[in-house]
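J.: Here's my sequence, what's the structure:
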Amino acid sequence: MLHQIHLPSLLFVDIETVPQYGAFHELSPAMQELWTAKHSNLHIADETAEDGYLKRAGVYAEFAKVVCISIGFFHYDKAADKRSFRIKSFYGDDERQILFDFVDLMNKRFNDSDAYSFCGHNIREFDVPFLCRRLLIHAIPFPELLDISGKRPWETPHIDTMQLWKFGDYKSFTSLKLLAEVLGIPTPKDVIDGKDVCRVYWQEKGLPTIVEYCQKDVITVARLLLRFKGDTALLNDSDVIVAI
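T.: So this is what the prediction gives:
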């Protein structure tokens, strides 16, 4: 399965997002009104828009921001006949700087959509569109790999492990945690879980923990892709190199 995919052409990506502010009252009056309207459409009983802000706003690009982007790729050392997996993360409180640095790397190292494509879990419905929306909000030109406006789904080569697992089934969502568990891959959720990211960022000021969590998701997706390809060579922790 997926024997045609060349591993060095894949950029494994994951992002972590949080509400733009640490409390509902910090929003401008206009954005408070707009979030209230958004929240009412979610139809969540016994929850006010104010109570729901920190719980739910982090997944909506209009009300959230990126605090970490992790990119991983396979590297082959022909002389040593060894495969490693390298990870670079962009993170901080300044979303514009995170996005700018990410785009700068894409433009300098991976600026060829015929040679590279992204791989991630649920990236077609979350990570990619979220990044595109936030780049547009900050008026940052898209790198070639994200310049997908007007393209049909089959014209974008990004690989989504959640879509691979569906095998044509459109009825359900399978989390990365569940898929890793059923395939016997070490869980990426041993640090925190997705629902904890907002609390860890805004209340605990624990950005390093979020970065570690993001990087583990990237490693897990790489292991999943190897499993889908039927690659018997394991990706061990000792094979992972994290760039400072």
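
J.: from here on, contacts and neighbour counts on C-alpha atoms
T.: Will do.

J.: in this protein, which spans are strands?
T.: 10-19, 64-77, 82-91, 117-120, 159-160, 240-242 (DSSP state E).

J.: what packs against the fourth one?
T.: The criterion is 3 or more Cα pairs under 8 Å, 6 or more residues apart in numbering; DSSP states H and E, and the helices and strands that strand 117-120 contacts are strand 10-19, strand 159-160, helix 207-229.

J.: Indicate which one of the ones you listed is closest to residue 33.
T.: Nearest of the helices and strands packed on strand 117-120 to residue 33, taken as Cα to Cα: strand 10-19 at 15.5 Å.

J.: Each with direction, which strands does the closest one pair with?
T.: Strand 10-19 has the following strand partners under DSSP bridges: strand 64-77 (antiparallel), strand 117-120 (parallel).

J.: Out of those, which is closest to residue 43?
T.: Taking these one by one with Cα to Cα, strand 64-77 is closest: 20.0 Å.

J.: tilt between the closest one and strand 82-91?
T.: Angle of strand 64-77 versus strand 82-91, following axes from the mean of the first three to the mean of the last three Cα atoms, to 10 degrees, is 160 degrees.

J.: Surely residue 200 and residue 213 touch.
T.: No: the pair residue 200 / residue 213 is not scored as a contact, 11.2 Å apart, by Cα atoms under 8 Å.

J.: Could you check which of these two is surrounded by more residues?
T.: Between residue 200 and residue 213, counted using other Cα atoms under 10 Å, residue 213 has the larger neighbour count: 23 against 17.

J.: Can you tell me, leaving aside adjacent residues, what's nearest to the more buried one?
T.: What sits nearest to residue 213 in space, not counting adjacent residues and going by Cα to Cα, 6 or more residues apart in numbering, is residue 191, at 6.1 Å.

J.: ok, now residue 92?
T.: Nearest residue to residue 92, sequence neighbours excluded (Cα to Cα, 6+ apart): residue 67, at 5.6 Å.

J.: which stretches of the chain aren't confidently modelled?
T.: Along the chain, the parts satisfying pLDDT under 70 run over 1, 150-155, 187-190, 244.

J.: quick one on the thing from earlier: any chance of the strands of the chain in JSON lines, plus mean neighbour count and distance to residue 126?
T.: Converted to JSON lines, the strands of the chain look like this (neighbours: other Cα atoms under 10 Å; distance: least, Cα to Cα, whole Å):
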{"stretch": "strand 10-19", "mean neighbour count": "25", "distance to residue 126": "9"}
{"stretch": "strand 64-77", "mean neighbour count": "21", "distance to residue 126": "12"}
{"stretch": "strand 82-91", "mean neighbour count": "18", "distance to residue 126": "18"}
{"stretch": "strand 117-120", "mean neighbour count": "25", "distance to residue 126": "10"}
{"stretch": "strand 159-160", "mean neighbour count": "20", "distance to residue 126": "11"}
{"stretch": "strand 240-242", "mean neighbour count": "14", "distance to residue 126": "24"}
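
J.: Which stretch among these approaches residue 217 most closely?
T.: Per Cα to Cα, nearest to residue 217 of the strands of the chain: strand 10-19, 6.8 Å.

J.: so who does the residue lying closest to residue 68 once chain neighbours are set aside touch?
T.: Leaving aside its sequence neighbours, residue 68 sits nearest to residue 91 (Cα to Cα, 6+ apart; 4.2 Å). Residues counted as contacts of residue 91 (Cα atoms under 8 Å, 6 or more residues apart in numbering) are 67, 68, 69, 98, 211.

J.: Tally up the residues packed near residue 114, please.
T.: Using other Cα under 10 Å, residue 114 has 11 other residues around it.

J.: And it, how close does it get to residue 180?
T.: As judged by Cα to Cα, to the nearest Å, residue 114 and residue 180 stand 29 Å apart.
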